[in-house]
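Engineer: Let me see the structure of the following:
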Amino acid sequence: MTPFGAAVAAIAVVVAIVAACVDIPMGDGPRKRMLRDVAENVIAPQHEELAERAAEMRGAVDALIAAPDEARLEVAQAAWRAAREPWQASMVFRVGPVMEDLFDSRMDQWPVDRARIETEIAGTAELTTAYVGGLGANKKGFHAVEELLFDAEGGDAAVIDALTTGANADRRRAYLAAAATVLATDAAALDAAWRADGGAFVVNVADIGGAGPFATVKDATDAVVNEMVFLSEYVADARLGKPMGKQNGGVPQLDLVVSAPSDASIDDMLANLRGIEAAFDGTDAGGLGALVERTSPTTARRVRTELAAAQAAVAAIPRPFAASVAAQAPEVDAAWEATRALRLTLATEVISVLGATLSFNDNDGD
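Structural biologist: Numbering: from 1, shown residues only. Coordinates of the predicted model:
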């Protein structure tokens, strides 16, 4: 071997040793493309749609407040439901601004403090947007607006009465208007934080080892799969298991039914599952499922089969959801079993196939 050849060989050995010890920055390989696809083509569009629909909801609430009647109430209720769908789907990847800037709690804290909301309505403080926006997270957001737009017991007529002839009706309308505006403003701010022409998180998220949140490509992959596991666990355990009383000897706990006034629990869960499906399937660039298929097509098929089964089982639950839980309807138990099966596959097989690390989930709130 020539001296030059020996030197090259020695350098190669050093490089191999360093590579074994240090996480070398990677190019735009399949895992980074997956991350970019999920961020750019799944989550960012959901935040944009959320902002648009939340603005439409605010407009519908304004119209209702200007002339309260059941027709305008139904439009406002439908707008609330429409805005909630992309938000619930986007929960599959709660990283960056949604958690760091507390948009998650600001927009979707549950349970709401019903007593404090009523105290504010009965009080004397001017219920401006700034004032309501400054209240605690459990007195604004989706669920505060829900409390004022829906009445599971009295129906729409009771809501209209409360907004027109009930005690402090004018202040109730003011609180509703302010809460809807705060929610729409927060949704727009979250969208702006993600947009390439705004806070640019959608671009930075794939900047591995740079401005983004992930130091390595493995960290990024772990985050995507863990967020899927967490959301599937949330649906199975928090949305279904807790109200069913799985932690209380099988005695239904109806106070743990999320989105009860609007009976939106089933819709929320379906949106959660569609969010997992969207991140797994991705677009033409390939979501997480494309990575799984490279190593185990069988596992990828199982995830898709179980996703379809979970969605079908949740959709089959008779409404109202709370009544089905109270009656211990077999459809509720079937949905619980189906979502638990999905969660198990994600937390074991998918984690194993990708060589990912399952993290502790400390975000089991709404």
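
Engineer: The residue nearest the centre of the chain: what's it in contact with?
Structural biologist: For the chain, the residue sitting closest to the mean C-alpha position, by Cα atoms, centre = their mean, is Met91 at 2.0 Å. Each residue near Met91 by Cβ atoms under 8 Å, 6 or more residues apart in numbering is listed here: 231, 234, 272, 275. Every C-beta, even on glycine, is put in place using the N, C-alpha and C of the backbone.

Engineer: How about Ala83?
Structural biologist: The neighbourhood of Ala83, defined by Cβ under 8 Å, 6+ apart, consists of 50, 53-54, 56-57, 142, 183, 187.

Engineer: want to try JSON lines for these, with pLDDT, distance to Ser352 and neighbour count as columns?
Structural biologist: Conversion of the contacts of Ala83 to JSON lines gives the following (pLDDT from 0 to 100; distance: Cβ to Cβ, whole Å; neighbours: other Cβ atoms under 10 Å):
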{"residue": "Leu50", "pLDDT": "98", "distance to Ser352": "34", "neighbour count": "27"}
{"residue": "Arg53", "pLDDT": "98", "distance to Ser352": "38", "neighbour count": "21"}
{"residue": "Ala54", "pLDDT": "98", "distance to Ser352": "39", "neighbour count": "30"}
{"residue": "Glu56", "pLDDT": "98", "distance to Ser352": "43", "neighbour count": "18"}
{"residue": "Met57", "pLDDT": "98", "distance to Ser352": "42", "neighbour count": "27"}
{"residue": "Phe142", "pLDDT": "98", "distance to Ser352": "36", "neighbour count": "27"}
{"residue": "Leu183", "pLDDT": "98", "distance to Ser352": "40", "neighbour count": "30"}
{"residue": "Ala187", "pLDDT": "98", "distance to Ser352": "37", "neighbour count": "28"}
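
Engineer: Which one of those is nearest to Pro297?
Structural biologist: Of all the contacts of Ala83, Leu50 has the smallest distance to Pro297: 33.8 Å, by Cβ to Cβ.

Engineer: what about the nearest residue to that closest one once chain neighbours are set aside, distance to Arg72?
Structural biologist: For Leu50, ignoring the flanking residues on the chain, the nearest one in space by Cβ to Cβ, 6 or more residues apart in numbering is Pro86 at 4.4 Å. When distance is defined by Cβ to Cβ, to the nearest Å, Pro86 is 23 Å away from Arg72.

Engineer: wait, isn't Ala82 in contact with Arg53?
Structural biologist: Yes: in this structure, Ala82 is within contact of Arg53 by Cβ atoms under 8 Å, at 4.9 Å.

Engineer: right, and the pair among the contacts of Ala83 with maximum separation?
Structural biologist: Distance extremes for the contacts of Ala83: the farthest pair is Glu56 and Phe142 at 14.4 Å, using Cβ to Cβ.

Engineer: Pro86 and Arg72: which is more packed in?
Structural biologist: Neighbours were tallied for Pro86 and for Arg72 using other Cβ atoms under 10 Å; the higher tally belongs to Pro86 (23 against 18).

Engineer: got a list of what the more buried one touches?
Structural biologist: Contacts for Pro86 (Cβ under 8 Å, 6+ apart) come out as 46-47, 49-50, 53, 271.

Engineer: in what helix or strand does it lie?
Structural biologist: For Pro86, the element it lies in under DSSP states H and E is helix 70-90.

Engineer: now Gly198
Structural biologist: Using DSSP H and E, Gly198 is not contained in any helix or strand.

Engineer: and it, how many residues sit next to it?
Structural biologist: Neighbours of Gly198 under the rule other Cβ under 10 Å: 14.

Engineer: separation between it and Pro97?
Structural biologist: To Pro97, Gly198 is 10 Å away according to Cβ to Cβ.

Engineer: and if you look at Ile276?
Structural biologist: Ile276 sits at a distance of 21 Å from Pro97 (criterion: Cβ to Cβ).

Engineer: Could you check which of those two is surrounded by more residues?
Structural biologist: More neighbours sit around Ile276 than around the other of Ile276 and Pro97, counting by other Cβ under 10 Å; the figures are 27 against 19.

Engineer: For the more buried one, list the residues it contacts.
Structural biologist: So Ile276 contacts 92, 228, 231-232, 307, 342 (Cβ under 8 Å, 6+ apart).

Engineer: give me that answer again for 6 Å
Structural biologist: Residues near Ile276 by Cβ atoms under 6 Å, 6 or more residues apart in numbering: 92, 228, 231.

Engineer: Out of those residues, grab the one that's most surrounded.
Structural biologist: Comparing the contacts of Ile276 by number of neighbours (other Cβ under 10 Å), Val92 comes first, having 27 neighbours.

Engineer: If I look at that residue, what pLDDT would I see?
Structural biologist: If you check Val92, the pLDDT there is 98.

Engineer: In helices only, show me the contacts of Ile276.
Structural biologist: When those are checked against helices (DSSP state H), the matches are 228, 231.

Engineer: Dump the contacts of Ile276 into TSV; add distance to Leu358 as well.
Structural biologist: Listed next are the contacts of Ile276 as TSV, based on distance: Cβ to Cβ, whole Å:
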residue	distance to Leu358
Val92	16
Met228	11
Leu231	14
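
Engineer: Most widely separated two among the contacts of Pro86?
Structural biologist: Pairwise distances across the contacts of Pro86 peak at 13.9 Å for His47 and Ala271 (criterion: Cβ to Cβ).
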